[in-house]
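J.: sequence and computational prediction follow.
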Amino acid sequence: MSNIWNILDLVLAAVAAYLLTQVVRNNRQRLPLPPGPKGLPFIGNVLDMPKEKESEKFTEWRHLYGDIVSLRLFGQTMIILNSPKVAVEMLERKSSIYSDRPRMEFGGEMVGWNQTLVLTPYGERFRSYRRFVHQLIGGKQQIKRFHSLMESESRKFLKRLLHTPEQVQAHIRHTAGSLIIKMAYGYEVQEGKDAIVDLVELAVDQFSALSRPGAFLVDIMPFLRYVPPWFPGAGFKTAAESFKKTLNDMVDVPFNFVKARMASGCFSEEHGFRGADTTVSANYSFFLAMTLYPEAQRKAQEEIDRVVGTDRLPVFADRENLPYVEALVQEVFRWNPVVPIGVPHRVLEDDIHAGYFIPKGSIIVPNIAGFFHDPEVYEDPHNFIPERFVSADGKNMPPDPRDYCFGFGRRICPGLHFADASVWNTCVTTLAAFNITKAVENGKLIDPLVEYTVGTISHPKPFRCAIKPRSAKAEALI
Ligand code: HEM
């Protein structure tokens, strides 16, 4: 008899537990979604989503609705995080449920980027990719192995600038591509045009275009994937095929090179890693800032001359003695961030945050550019002012932009130490060797516009500037 009671007790306990979870769940679902623009029946906020300058629109919504804003794109909930505080609370403190990526029908499934770390769903494959990348470039110590490579690549960069300064953007791209490919595969990039660098650039540009939230309708309505190619509006299928070929080539061509090198017994140890080419944007922003803000340039050069002297170029060992240059690099990362609205995360379970219901499967977008352009945190945010990061006692400074510009939680950019070192190195060696000023045309100074491209990775639009060696001595050093 007592056995039957024990079993009954267990059954009752299980039923009670089930009912309790249902009550909690129903209560959760009764909590409101975060506020946001109203939207239309069925399509929701599709028409509210900006086609460019997303960050500015998200900031407008911040003023209307607050730090957490929700949108609905057909049946998909999107949550915009408008302050670093909520981004840290959700994406870092609750990272065990906020670290998935949305399924991107176009870029992920049709083109194949879901096979790379950036779009890999949260799970075992994600963890093993991260472990691997972490071993290679995960900490400042690991990056030290690449300091001499970065220093020698930047010397080549200075030479290219000296000969063809008007091609600065191409030189930045070439140097960044060359550095990453050399680090990953031990492949020596050719001067001028190089097939592998071109492939990496093309693939990364395509990724940038296709990974914007809502960039392709098929991301919101996955069934469109099955419309026949001749169907009106199905041009995205041809585009997917072409993007897929670029991605496959980017993987296969260097891989085949490595295989051939291994067969011939001359394979360098830094192999097997593919990285995104985001440092290009930061470095080009640096040139734009130096063109527009001569006073910041002059102060940084004065510091370099005083600390390093003019008989040699700066090296990584000088870094800690150059606080103004450090502040200038921080300002480069803040002024116009490379990834203005991050890479979207996806939440794996229902959550309640700040009294709002965040449904499982919501796409979470941190408004990084919005954080950096908040005048309450960074005074006069659209101007380039390294002084905001300089303080005699290291107190009362705004947050270091490097705490946020690389994303959050378990998805934080694994290339952040590499990127920070390589951008610092480009800035400091260029400042030591060259003066960057406005270009002159028909006797008139040309004011470059501060305009950026649309896409996950945002680049300054091409602009003109003049780049000349600071002195005969500097030229001799190059
Ligand atoms: C200025 C330079 C860079 C910036 C601003 C930047 C920024 C970012 C951001 C915002 C994310 C998304 C993080 C998130 O989801 O919360 C990311 C992801 C990623 N970045 Fe970077 N990045 C830079 C350079 C690099 C470099 C040099 C590499 C490789 C050497 C790299 C490799 C990656 C990878 C593989 C991911 C995907 C990580 C994942 O999904 O788990 N990045 N980056």
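T.: Good, I have the coordinates.

J.: quick check: chain neighbours aside, which residue is closest to residue 304?
T.: Of all residues not flanking residue 304 in the chain, residue 432 sits nearest, at 5.1 Å (C-beta to C-beta, 6 or more residues apart in numbering). C-beta coordinates here come from the backbone N, C-alpha and C atoms, glycine included.

J.: I'd say the one you found and residue 300 touch.
T.: No. Counting by C-beta atoms under 8 Å, residue 432 stays clear of residue 300, with 9.3 Å between them.

J.: quick one on the thing from earlier: what strand or helix carries the residue nearest to residue 304?
T.: Residue 432 is part of helix 416-433, with elements assigned from DSSP states H and E.

J.: would you put the C-alpha positions of that helix in CSV?
T.: This file holds the C-alpha atoms of helix 416-433, laid out as CSV (Å, rounded to 0.1, in the frame of the first residue of the first chain):
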residue,chain,number,x,y,z
LEU,A,416,40.2,41.4,-31.3
HIS,A,417,43.8,41.3,-30.0
PHE,A,418,45.1,40.7,-33.5
ALA,A,419,43.0,43.6,-34.9
ASP,A,420,44.0,46.0,-32.0
ALA,A,421,47.7,45.2,-32.6
SER,A,422,47.6,45.5,-36.3
VAL,A,423,45.6,48.8,-36.3
TRP,A,424,48.0,50.3,-33.7
ASN,A,425,51.0,49.2,-35.8
THR,A,426,49.6,50.8,-39.0
CYS,A,427,48.8,54.1,-37.2
VAL,A,428,52.0,54.5,-35.4
THR,A,429,54.4,53.7,-38.2
THR,A,430,52.4,55.9,-40.7
LEU,A,431,52.5,58.8,-38.2
ALA,A,432,56.2,58.4,-37.7
ALA,A,433,56.9,58.4,-41.4
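
J.: next structured bit after it?
T.: strand 434-438.

J.: what's near enough to touch residue 202?
T.: 246, 250 (C-beta atoms under 8 Å, 6 or more residues apart in numbering).

J.: from residue 284, how far out is it?
T.: Relative to residue 284, residue 202 is positioned 17 Å away (C-beta to C-beta, to the nearest Å).

J.: tally of neighbours for the residue lying closest to residue 358 once chain neighbours are set aside?
T.: Excluding its sequence neighbours, the residue lying closest to residue 358 (C-beta to C-beta, 6+ apart) is residue 351, at 4.3 Å. By the measure other C-beta atoms under 10 Å, the count of residues near residue 351 is 18.

J.: what sits against residue 351?
T.: Residue 351 touches 90, 94, 97, 98, 357, 358, 360, counting by C-beta under 8 Å, 6+ apart.

J.: now the last one: how far from residue 366?
T.: If you measure residue 360 against residue 366 using C-beta to C-beta, the figure is 19 Å.

J.: more neighbours, the two?
T.: residue 366 (29 against 13).

J.: just list the residues touching that one, thanks.
T.: Neighbours of residue 366 in contact, by C-beta under 8 Å, 6+ apart: 81, 87, 91, 341, 342, 404, 407, 408.

J.: same deal with residue 420?
T.: By C-beta under 8 Å, 6+ apart, residue 420 lies in contact with 329, 402.

J.: next: residue 66.
T.: 34, 35, 82.

J.: the second one: neighbour count?
T.: In other words, residue 35. Using other C-beta under 10 Å, residue 35 is surrounded by 14 other residues.

J.: kindly report the residues of this structure close to the ligand.
T.: Contact residues (C-beta under 6 Å from any ligand atom) of the chain with the ligand: 117-118, 137, 180, 275-276, 278-279, 282, 338-339, 342-343, 345, 405-408, 411-415, 418-419.

J.: mind checking which of the residues you listed are in helices?
T.: 137, 180, 279, 282, 418, 419 (DSSP state H).
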